[in-house]
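Trainee: just coords:
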């Protein structure tokens, strides 16, 4: 049953009505995550992306308010009929009609499905968190305004984790144990999210589109953004297209750095390149000079990095001071692609020409899917409205749209067994939105990395803007 068909007319109607109720807040474009990283991530996508090593915390954050706001229609009263069945003249479905027995998060009597997430609404990554929230709110308000799915409306619980590891983990446990959510969508914190996997396994709760940890082949976790390894492989392919033959990497001494190593060791041989240096830096360290100098001594034509925004900015400045004329490319989160987090912390001369991958379109792109989202984002006046037009919002808007399409395909059977079977069948009937890569999940192992490929953008210091220079393509497999 395919009832979740959102046409342009609905977008425009919703936009005009909501515009009458609120202000247009235009903010800078963003990413997917780290430390207020507001350029496209992981994911881009908005990768959150744990790029600064994520400091630890000591407890669950308080509910930031408006926790169930997504359930309410926020201005899309456009006369659209409820989307709950009856398309062929039969009686409309009731919520969970084809679900046997009780199911966590599914209230058949009230006709609701309870979802939730944890995001940084305060602290160093607040801009990212507010944008991520706005995208989710916009997508859920849109479907609720159209009557929900198969008799179910959607309620949502948002918790603030301040971009702190222990708080994120504690929040996920709270959402599972106390709020009894049916699914978690788009939590951000790639360093912290793996610490929640045991809770997911024991409860069966789905985590859809986290931003953006490495793929650990967890049954309950579905990744919609390309991994950092895949993004950096695409960087190396671009280097090869520019005639680069000698490459190097600099990464943190953690998972971020490991992904950079995996990328260069996989992709350099495929492109016939020589790996001339592989250096590491400590998490959160500002002392990147030894690694930079070692790489410069090796004379690479291209450098990939697996570090955070601040370290990338320091490296750009030091490479510029040393007269480096080669290429430097980072993943969407660490590069802050689409926003100012990395390039704004470097001198303009050093940032000019910096390359970053994209997990989704830039929010300034003139295309039908981005324009449709933008109309809704401009009209949106709920929580996170100030960040509603950045890359984070674009990312989670389409991540949530994809999740809701899978829910629609469940035909009222909300068992986790049916969800996995349906989601894993997307490899044969993928979801295509245009603003994010194809969503084509399949069975484990490997099938829950549902997207492949990344685009590349270049920063232009003169115009203080990012320009996409390479379309989204999968890495060269040789």
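Mentor: Cool, the structure landed. Keep in mind that this is a model prediction, so the values were computed, not measured.
Trainee: For the stretch 301-450 of the chain, which segments are assigned as strands?
Mentor: Secondary structure of the stretch 301-450 of the chain (DSSP state E, counting those that start in this stretch): strands located at 302-306, 327-330, 355-358.
Trainee: Quick check, pLDDT for residue 338.
Mentor: Reading off the confidence values, residue 338 has pLDDT 88.
Trainee: Just to check, it is in contact with residue 361?
Mentor: No: counting by Cβ atoms under 8 Å, residue 338 sits too far from residue 361 to count as a contact (9.3 Å). All C-beta spots, glycine's among them, are computed from the backbone N, C-alpha and C.
Trainee: Who has more neighbours out of these two?
Mentor: A direct count of neighbours by other Cβ atoms under 10 Å for residue 338 and residue 361 places residue 338 higher, at 37 against 27.
Trainee: quick one, phi/psi of the more buried one?
Mentor: Note on residue 338: its backbone torsions stand at phi 100, psi -10 [degrees, to the nearest 10].
Trainee: And it, how close does it get to residue 404?
Mentor: From residue 338 across to residue 404, the span is 25 Å (Cβ to Cβ, to the nearest Å).
Trainee: need the contact list for the nearest residue to residue 473 once chain neighbours are set aside.
Mentor: Ranked by Cβ to Cβ, 6 or more residues apart in numbering and with sequence neighbours excluded, the top spatial neighbour of residue 473 is residue 453, at 5.1 Å. Applying Cβ atoms under 8 Å, 6 or more residues apart in numbering to residue 453 gives the contacts 226, 230, 234, 437, 472-475.
Trainee: The stretch 301-450 of the chain: helices as residue ranges?
Mentor: Remark: helices assigned in the stretch 301-450 of the chain by DSSP state H, counting those that start in this stretch are 309-321, 332-335, 348-351, 368-379, 391-409, 416-424.
Trainee: Out of these, which gets nearest to residue 191?
Mentor: helix 332-335 (10.8 Å; Cβ to Cβ).
Trainee: and that closest one, average pLDDT?
Mentor: 90.
Trainee: by contact count, what packs against it?
Mentor: With contacts defined as 3 or more Cβ pairs under 8 Å, 6 or more residues apart in numbering; DSSP states H and E, the secondary structure elements packing on helix 332-335 are helix 228-241, strand 302-306, helix 309-321, strand 355-358.
Trainee: what separates that helix from the chain centre, distance-wise?
Mentor: Put simply, helix 332-335 sits 11 Å off its chain's centre (Cα atoms, centre = their mean, to the nearest Å).
Trainee: same question, stretch 191-200
Mentor: Distance, centroid of stretch 191-200 to centroid of chain: 17 Å (Cα atoms, centre = their mean).
Trainee: Buried ones in the helix or strand where residue 199 lies, by neighbour count?
Mentor: Taking DSSP states H and E as the criterion, residue 199 maps to helix 197-203. Within helix 197-203, the residues scored as buried using 16 or more other Cβ atoms under 10 Å are 197, 199-200, 203.
Trainee: With respect to residue 308, which of these is nearest?
Mentor: Distances from residue 308 to the buried residues of helix 197-203, taken by Cβ to Cβ, are shortest for residue 197, at 23.0 Å.
Trainee: Give me whichever of the helices of the stretch 301-450 of the chain is most buried.
Mentor: Most buried of the helices of the stretch 301-450 of the chain, by mean neighbour count (mean count of other Cβ atoms under 10 Å): helix 332-335, with a mean of 40.
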